[in-house]
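**Student:** whatever this is, show me its structure:
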Amino acid sequence: MKFSLEKTDLGSKARAGVLTTDHGVIETPIFMPVGTAATVKGVHQQDLAQDVNPDIILANTYHLYLRPTTSILEQAGGIHSFMNWDRPVLTDSGGYQVYSLSDNRKITEKGVTFKSHIDGSKHVFTPEYAIDIQRTIGADIIMAFDECTPYPCPYDYAKTSMHLTHRWLIRCQEHFAKTNSKYGYQQSLFPIVQGSVYNDLREQSAEFIANTNAPGNAIGGLSVGEPADEMYAMTDAVCAILPKEKPRYLMGVGTPINILENIALGVDMFDCVMPSRNARNGMLFTSEGTINIKNKKWENDFSPIDSNGASFVDTTYSKAYLRHLFAANELLGKQLATLHNLSFYLWLVREARKHILAGDFASWKNKMVRQMDKRL
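**Tutor:** Numbers count the residues shown, from 1 in each chain. You can find the predicted model right below:
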């Protein structure tokens, strides 16, 4: 994997770069649609490739491990072959899902024992096993196993958890170095910065991660309920320490405004379930604000979803038609809404990239934040 930094915005810390993997080139800043179980929910791969056109998507280690299982994925030749997707894929390590199973898991130095949400069966993830699973899944970029702390989180717990994540990282990297990709292409391992919302812990973790000289670095444990200002403060502190020549991935973030504000702080990569999850409930993101397409006010509005043409849906279907599909409980409504929101997120980060390269990102970002912070 190679990363080249093309330009940094003069009015902010926003960056435009190019990340090259064996499955293709990723232009940053980039948003990764979430394909939890080897599918972006409700979207055909052909539509995803043509209409959303992401450079990379994300899949989930915990969910794929449980179903269809690593055995099936290995028989299929890895996730790319299994889901018929020939572009880059990133997998998280399962740490966030273990965090969300707080009532059904136990954390020790060895790893995490947890119960499956599917059938209650008992499983153990160690740092080494998390690497083995991701080797078998076959994503281009894989994550080190970590503990994601909740919010709020006591300082002492956050500190203890951070050091555990660091020890697990060393084990992940040692095991990664002893193993090989199973499918003939390179995989890259990213460590994850933790430390909750404590500035000293975040800086300490960022310095530890920076010193591992990984090909890229992730920031975890944010967007878990903390105020946006605290998220931005932690991201800013971490990005000031992480090496400039390596890509920076902020995990699980967020709203369109969150994404622009974190791009301005120096983040290159994002993922979030929000655009697809909200779409299925009729919540649409646009360059002019947020729309609840179920509202009666759109019943006879034949204008496009977004007048800026931020997705293919805008030029094909009206607000009135999409509102009708939701009122009639037609599956196409959820599908088109998902395609719109994902297209909009990709449009947003690509517009951000254009303005970084043009040198006017900061002023454009401020204007976009004002526009998008409206309920239409």
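**Student:** average pLDDT across the helix or strand hosting residue 290?
**Tutor:** Using DSSP states H and E, residue 290 sits within strand 289-292. Taken as a whole, strand 289-292 carries a mean pLDDT of 97.
**Student:** which residues touch it?
**Tutor:** 282-284, 298, 305, 319, 371-376 (C-beta atoms under 8 Å, 6 or more residues apart in numbering). Using the backbone N, CA and C atoms, a C-beta is placed for each residue, glycine as well.
**Student:** try it again at 7 Å.
**Tutor:** Here strand 289-292 makes contact (C-beta atoms under 7 Å, 6 or more residues apart in numbering) with 282-284, 371-372, 374-376.
**Student:** and which of those residues is nearest residue 115?
**Tutor:** Closest approach to residue 115 among the contacts of strand 289-292 (C-beta to C-beta): residue 283, at 32.2 Å.
**Student:** tell me which residues of the strand holding residue 290 come out buried.
**Tutor:** Under the neighbour-count criterion of 16 or more other C-beta atoms under 10 Å, strand 289-292 has 290-292 buried.
**Student:** TSV for those residues, including distance to residue 245?
**Tutor:** Output for the buried residues of strand 289-292, formatted as TSV (distance: C-beta to C-beta, whole Å):
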residue	distance to residue 245
290	37
291	40
292	43
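**Student:** nearest to residue 149 among those residues?
**Tutor:** Nearest to residue 149, judged by C-beta to C-beta, of the buried residues of strand 289-292 is residue 290 at 29.6 Å.
**Student:** list the buried residues of the helix or strand containing residue 342.
**Tutor:** For residue 342, the host element (DSSP H and E) is helix 331-358. Under the neighbour-count criterion of 16+ other C-beta under 10 Å, helix 331-358 has 333-353, 355-356 buried.
**Student:** show me what the most centrally placed residue in the chain is bridged to.
**Tutor:** By C-alpha atoms, centre = their mean, the chain has its centre lying nearest to residue 271, at 1.7 Å. Beta-bridge pairing for residue 271 (DSSP bridges): residue 32.
**Student:** go ahead and confirm it touches residue 35.
**Tutor:** No - contact criterion C-beta atoms under 7 Å: residue 271 and residue 35 do not qualify, at 9.8 Å.
**Student:** where do the contact lists of these two overlap?
**Tutor:** residue 58.
**Student:** distance of the residue located most distally from the centre of the chain relative to residue 320?
**Tutor:** Relative to the centre of the chain, and counting by C-alpha atoms, centre = their mean, the farthest-placed residue is residue 300 at 35.7 Å. Separation of residue 300 from residue 320 (C-beta to C-beta, to the nearest Å): 6 Å.
**Student:** now for those two: what residues contact both?
**Tutor:** With C-beta under 7 Å, 6+ apart, residue 300 and residue 320 have no common neighbours.
**Student:** and the helix or strand containing residue 71, what's buried?
**Tutor:** Assessed by DSSP H and E, residue 71 sits inside helix 70-76. Using 16+ other C-beta under 10 Å as the test for burial, helix 70-76 gives 70, 73-74.
**Student:** let me know the closest of the residues you listed to residue 146.
**Tutor:** Ranked by distance to residue 146 (C-beta to C-beta), the buried residues of helix 70-76 are led by residue 70 at 20.0 Å.
**Student:** and that closest one, how far from residue 276?
**Tutor:** 25 Å.
**Student:** low pLDDT regions in the protein?
**Tutor:** Counting by pLDDT under 70, the chain shows low-confidence ranges at 98-99, 102.
**Student:** can we see that at 80?
**Tutor:** Within the chain, the ranges that satisfy pLDDT under 80 run 95-104, 309, 311-315.
**Student:** show me where it has helices.
**Tutor:** Using DSSP state H, the helices of the chain run over residues 45-47, 61-66, 70-76, 79-83, 95-100, 127-137, 155-178, 199-210, 228-239, 256-263, 274-280, 319-327, 331-358, 361-372.
**Student:** okay, now the domains of the protein?
**Tutor:** According to automatic domain parsing, the chain comprises the domains 2-271, 279-372.
**Student:** how long is the first one end to end?
**Tutor:** Spelled out, that is domain 2-271. Domain 2-271 has its terminal residues 20 Å apart, counting by C-alpha to C-alpha, to the nearest Å.
**Student:** cool, and the last one?
**Tutor:** For domain 279-372, the separation between the terminal residues is 16 Å (C-alpha to C-alpha).
**Student:** centre of the chain to it, how far?
**Tutor:** Per C-alpha atoms, centre = their mean, to the nearest Å, the displacement of domain 279-372 from the mean C-alpha position of its chain is 19 Å.
**Student:** list the contacts for residue 294?
**Tutor:** Counting by C-beta under 7 Å, 6+ apart, residue 294 makes contact with 282, 323, 326.
**Student:** can you do 6 Å?
**Tutor:** Counting by C-beta atoms under 6 Å, 6 or more residues apart in numbering, residue 294 makes contact with 282, 326.
**Student:** if I look at it, how far off is residue 370?
**Tutor:** For residue 294, the distance to residue 370 - C-beta to C-beta - is 25 Å.
**Student:** could you do residue 13 as well?
**Tutor:** In this structure, residue 13 lies at 20 Å from residue 370, with C-beta to C-beta as the measure.
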